[in-house]
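**Q** here is my input, please return the structure:
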Amino acid sequence: MGDNRHAERPAPLWRSFRDEIGAAFGYICCYTVVYVANREADHFVPWTKLRGTDQARAAYEWPNIRYADAWINRAKGSTRFPDPFVVQDDWFELLLPSLELASTGRHPPEEDAAIQNLLQVVRSDPRIMKTRRSYFRQYKEGIRSLELVDEEAPLLGRALRAQPDFLNPADRTRLGAGR
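**A** Residues are numbered from 1 along each chain as shown. Purely as a prediction, here's the structure:
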């Protein structure tokens, strides 16, 4: 690769590794936390901040790559989101039955702005709400097991376990939940 650091956009070198990147993230979008096949690499530190600098090569390095659904990658742009490699399980929750994403407030204060930026985009965006509703409906109709929800929509799986009134009766009994 030549010196690309002044290019308007980074060379799409990640495309050759799309499957490897997806597999490394379990095909879970790091911002919406749902399964998405064949999506793209997000340059966590955006090209607009790296372009023209001696650090431009960092755009192509693994520590700067995240797996994201295309629409949210574009919506993010150069806005700072919390780093998925730093986010802890207790920073966010999915509210039931609305399926909106919410902050639990358990994140470090220095992450406030990044958390708010992410929530502005994904809290109730129609694209992600459609996906969340589909997973929730399929679970309630018995099409998807709780274990599959845990795997493909982990925030929903966690929300169902935390709020057992929304579990299917068989899962509620099996898990001894809601007693």
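**Q** run a quick neighbour tally on residue 136.
**A** Other residues lying near residue 136 total 21 when counted by other C-beta atoms under 10 Å. For the C-beta atoms, the positions are set from N, CA and C on the backbone; glycine is no exception.
**Q** show me what the host helix or strand of it is packed against.
**A** Taking DSSP states H and E as the definition, residue 136 sits inside helix 126-140. Other elements packing on helix 126-140 under the criterion 3 or more C-beta pairs under 8 Å, 6 or more residues apart in numbering; DSSP states H and E are helix 146-152, helix 154-162.
**Q** what's the distance between the closest residue to residue 17 other than its chain neighbours and residue 125?
**A** Nearest residue to residue 17 in three dimensions, chain neighbours excluded: residue 41, at 7.7 Å (C-beta to C-beta, 6 or more residues apart in numbering). According to C-beta to C-beta, to the nearest Å, residue 41 and residue 125 sit 21 Å apart.
**Q** neighbour-wise, which of these two wins?
**A** Neighbour comparison, residue 41 and residue 125: the larger count goes to residue 41, with 24 against 16 (by other C-beta under 10 Å).
**Q** that older thread, residues in contact with the residue nearest to residue 17?
**A** By C-beta atoms under 8 Å, 6 or more residues apart in numbering, the contact list for residue 41 reads 14, 17, 18, 21, 65, 66, 67, 68.
**Q** next, residue 101: phi, psi?
**A** According to degrees, to the nearest 10, the main-chain angles of residue 101 amount to phi -80, psi 140.
**Q** and for it, the neighbour number?
**A** 23.
**Q** quick check: it touching residue 121?
**A** No. Residue 101 is beyond contact range of residue 121, at 9.7 Å (criterion: C-beta atoms under 8 Å).
**Q** give me the distance from the helix or strand bottoming out on mean pLDDT in the chain to the chain's centre.
**A** Counting by mean pLDDT, DSSP states H and E, the chain has its least confident helix or strand at strand 40-43, which shows a mean of 78. Using C-alpha atoms, centre = their mean, to the nearest Å, the mean C-alpha position of strand 40-43 is found 12 Å from that of the whole chain.
**Q** ok, it: who's next to it in the sheet?
**A** Sheet partners assigned to strand 40-43 using DSSP bridges are listed as strand 65-68 (antiparallel).
**Q** what lies in contact with the partner strand?
**A** Under C-beta under 8 Å, 6+ apart, the answer for strand 65-68 is 14, 21-22, 24-25, 27-31, 39-44, 76, 84-85.
**Q** pLDDT weak spots in the protein?
**A** Across the chain, residues meeting the criterion (pLDDT under 70) sit at 1-4, 6-7, 10-13, 178-179.
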